[in-house]
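Visitor: need coordinates for the below:
(one chain, ligands or ions: 1)
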Amino acid sequence: ENTDLSTASGPHEGEGGEEVATKPVVAVVGRPNVGKSSLVNRIIGRREAVVEDVPGVTRDRVAYDASWQGREFTLVDTGGWETSVSGLAAMVARQAEYAAQAADVILFVVDATVGVTDTDEAVIRVLRSTKRPVVLAANKVDGPLQDADALELWNLGVGEPHPVSALHGRGSGDLLDAVLAALPEEAPREEEETDEGGPRRVALIGRPNVGKSSLLNRLAGEDRVVVDSVAGTTRDAVDELIELGGQTWKFIDTAGIRRRFRALQGADYYATMRTGTALERAEVAVVLLDVSESLADQDIRVIEQVVESGRALVLAFNKWDLLDEERRYYLEKEIDRQLGRVSWAPRVNISARTGRHVEKLVPALETSLGSWDTRISTGRLNSWLKELVAATPPPVRGGRQPKILFATQADVRPPHFILFTTGFLEENYRRFIERRLREDFGFEGSPIKLSMRIRE
Ligand code: GDP
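Guide: From the prediction side, this is the model:
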């Protein structure tokens, strides 16, 4: 009987029982001989002889008290769980399954010098089906020479491999930082601007006079409370919750939109500053453009600010009621010439004054946010990439053909892809990849980040 396990299993055990606030549980999972016990010993700071990591060896303890940066948690060594089960993969997979039930965070240890084995992949399949966060430790990276081995483990598709040497202690601080980051919040604060749940946050931006406050009034309806402040002295943001298309949206810093700066010196400066702070807090930006005038440098700068901030984007061409045939002709030309960089952004042609097509804003926001949230699995991404590279290999550079080893989507909001290569990929080729990503997977309304990790 593993009696220690029941005390370590924390808040997930005792369904019918009392709500005891126990320490979070971190379970160490991995094949025999990858160095789980050494890592556990390293983390708990125990110096005694390491028990051989061999299946069948029953250890007297499996759970230990540990702490890092003042945060306490229980560390469970799954290596001591099983006595004998036929088949290595089955055994380790079962351990992973138990661990996922018992733990808040899984610390998955892989031997970087061996690379990914079938057993590791079986474990990943089990871990994927659970909702537990996984921190990947690439063990036996005893020196910089093995760092490249660790990079290969991006291939597992469970995020960044943290190179460690359980033997020498190398990298264990960074690993524990990652474990802490994955632990559940100690005391979840209310009213926090979390990424999950809650109304989605929209910034209405654009140069002065494009119609931001008119659109806001139109969206908020006539009965809105006028939010105002004392002659531009207060810089506090005031947000407004507005119901549109059956859901609630949070419009960021509406006080800033309604505050009048245009008579002041330096109005542009304040407008740019407001745009920056609004973007920081928003998830999606609606950039308003005034179709009755030529696109201005300032319009382009605002759009660039959005792309650089990594927020989702909707372009709203306002004052459509003022458009005549001639102006329309030139507008199309301006769009082609100046907005090519954001040809992926959905466009709505609206009039804040008459209300024309204002209702099209919500579907456009949803499209952009949907793309912004999109995650492509590592498997799908790599089979797509393989085909792409076979058909159009990266151009030879300095007599060498860079190879793309694999790719992974490291993040969402916005989607961020990392290409692991054996050489530098020219900007043109990276653009080509981005274009094809968009053609094949969509991403309408979201910027895409593409980076390279070059392994010489
Ligand atoms: P802001 O500085 O971006 O907040 O712009 P405002 O909302 O204050 O609008 C600037 C001017 O454009 C005001 O005179 C508005 O009445 C006018 N305006 C805004 N939207 C429209 C529109 O759709 N059509 C027309 N014709 N005028 C508009």
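Visitor: name the residues of stretch 154-173 that are buried.
Guide: The neighbour-count check on stretch 154-173 (16 or more other CB atoms under 10 Å) flags 154-166, 170-172 as buried. C-beta coordinates here come from the backbone N, C-alpha and C atoms, glycine included.
Visitor: and if you look at stretch 24-39?
Guide: Neighbour count says stretch 24-39 has 24-32, 34-39 buried, by 16+ other CB under 10 Å.
Visitor: can you check stretch 131-147 too?
Guide: Arg132, Pro133, Val134, Val135, Leu136, Ala137, Ala138, Asn139, Lys140, Val141, Asp142, Gln146.
Visitor: that older thread, out of the buried residues of stretch 154-173, which sit inside strands?
Guide: Pro161, His162, Pro163 (DSSP state E).
Visitor: JSON lines for these, including distance to the ligand?
Guide: Shown next, in JSON lines, are these (distance: CB to the nearest ligand atom, whole Å):
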{"residue": "Pro161", "distance to the ligand": "48"}
{"residue": "His162", "distance to the ligand": "47"}
{"residue": "Pro163", "distance to the ligand": "51"}
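Visitor: what segments of the stretch 351-456 of the chain are helices?
Guide: In the stretch 351-456 of the chain, the segments counted as helices under DSSP state H, counting those that start in this stretch are 361-372, 378-391, 427-441.
Visitor: now, the buried residues of stretch 131-147 that are in strands?
Guide: Per DSSP E, the subset of the buried residues of stretch 131-147 in strands is Val134, Val135, Leu136, Ala137, Ala138, Asn139.
Visitor: show me what contacts the second one?
Guide: Read it as Val135. Counting by CB atoms under 8 Å, 6 or more residues apart in numbering, Val135 touches Val105, Ile106, Leu107, Phe108, Gly159, His162, Leu175, Ala178, Val179, Ala182.
Visitor: mind checking which of the residues you listed are in helices?
Guide: Leu175, Ala178, Val179, Ala182 (DSSP state H).
Visitor: the ligand contacts on the chain?
Guide: Contact residues (CB under 6 Å from any ligand atom) of the chain with the ligand: 206, 208-214, 257, 318-319, 321-322, 351-353.
Visitor: and those residues, which of them are in strands?
Guide: Per DSSP E, the residues of the chain next to the ligand map to strands at Asn318.
Visitor: and the residues of the chain next to the ligand, which are buried?
Guide: The buried subset of the residues of the chain next to the ligand - by 16+ other CB under 10 Å - is Gly206, Val210, Gly211, Lys212, Ser213, Ser214, Ile257, Asn318, Lys319, Ser351, Ala352.
Visitor: what is the nearest of the ones in helices among the contacts of Val135 to Glu426?
Guide: Ala178 (33.0 Å; CB to CB).
Visitor: touching, that closest one and Pro161? I think so.
Guide: No - counting by CB atoms under 8 Å, Ala178 does not reach Pro161; the two are 10.2 Å apart.
Visitor: after the helix or strand of the chain with the lowest mean pLDDT, next one along is what?
Guide: Least confident helix or strand, the chain: helix 3-8 with a mean of 33, by mean pLDDT, DSSP states H and E. Along the chain past helix 3-8, the next helix or strand (assigned with DSSP states H and E) turns out to be strand 25-29.
Visitor: neighbouring strands for that following strand, and are they parallel or not?
Guide: Strand pairing for strand 25-29, determined by DSSP bridges: strand 71-77 (parallel), strand 105-111 (parallel).
Visitor: helices or strands next to the helix or strand following the last one in the packing?
Guide: Beyond strand 105-111 on the C-terminal side, the first helix or strand identified by DSSP H and E is helix 118-129. Packing partners of helix 118-129 (3 or more CB pairs under 8 Å, 6 or more residues apart in numbering; DSSP states H and E): helix 88-102, strand 105-111.
Visitor: can I get these in a markdown table including mean neighbour count and mean pLDDT?
Guide: Shown next, in a markdown table, are the helices and strands packed on helix 118-129 (neighbours: other CB atoms under 10 Å; pLDDT from 0 to 100):
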| stretch | mean neighbour count | mean pLDDT |
| --- | --- | --- |
| helix 88-102 | 20 | 73 |
| strand 105-111 | 27 | 93 |
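Visitor: okay, the ones you listed in CSV with distance to Ile404 next?
Guide: As requested, the helices and strands packed on helix 118-129 are exported to CSV (distance: least, CB to CB, whole Å):
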stretch, distance to Ile404
helix 88-102, 30
strand 105-111, 22
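Visitor: quick check: Ile335 vs Leu145, distance?
Guide: According to CB to CB, to the nearest Å, Ile335 stands 53 Å off from Leu145.
Visitor: re the thing from before, just the closest of the contacts of Val135 to Trp384, please.
Guide: For the contacts of Val135, the nearest to Trp384 is Gly159 (19.7 Å; CB to CB).
Visitor: shouldn't that closest one be in contact with Ala138?
Guide: No - between Gly159 and Ala138 there is no contact under CB under 8 Å: 11.6 Å.
Visitor: what's the pLDDT at the closest residue to Asn155 other than its chain neighbours?
Guide: Leaving aside its sequence neighbours, Asn155 sits nearest to Phe406 (CB to CB, 6 or more residues apart in numbering; 5.6 Å). We have a pLDDT of 77 for Phe406.
Visitor: so Phe406 versus the ligand, what's the distance?
Guide: 46 Å (CB to the nearest ligand atom, to the nearest Å).
Visitor: ranges for the strands of the stretch 201-350 of the chain?
Guide: 240-244, 247-251, 284-290, 312-318, 347-349 (DSSP state E, counting those that start in this stretch).
Visitor: picking that back up, which stretch among the helices and strands packed on helix 118-129 comes nearest Phe73?
Guide: Nearest of these (CB to CB): strand 105-111, 8.2 Å.
Visitor: CA atoms of that closest one as CSV?
Guide: Output of strand 105-111 as CSV, limited to C-alpha atoms (Å, rounded to 0.1, in the frame of the first residue of the first chain):
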residue,chain,number,x,y,z
VAL,A,105,1.0,19.6,-12.4
ILE,A,106,2.8,16.8,-14.2
LEU,A,107,6.5,17.0,-14.4
PHE,A,108,7.3,14.8,-17.4
VAL,A,109,10.9,13.7,-17.5
VAL,A,110,12.6,12.5,-20.7
ASP,A,111,16.1,11.4,-21.2
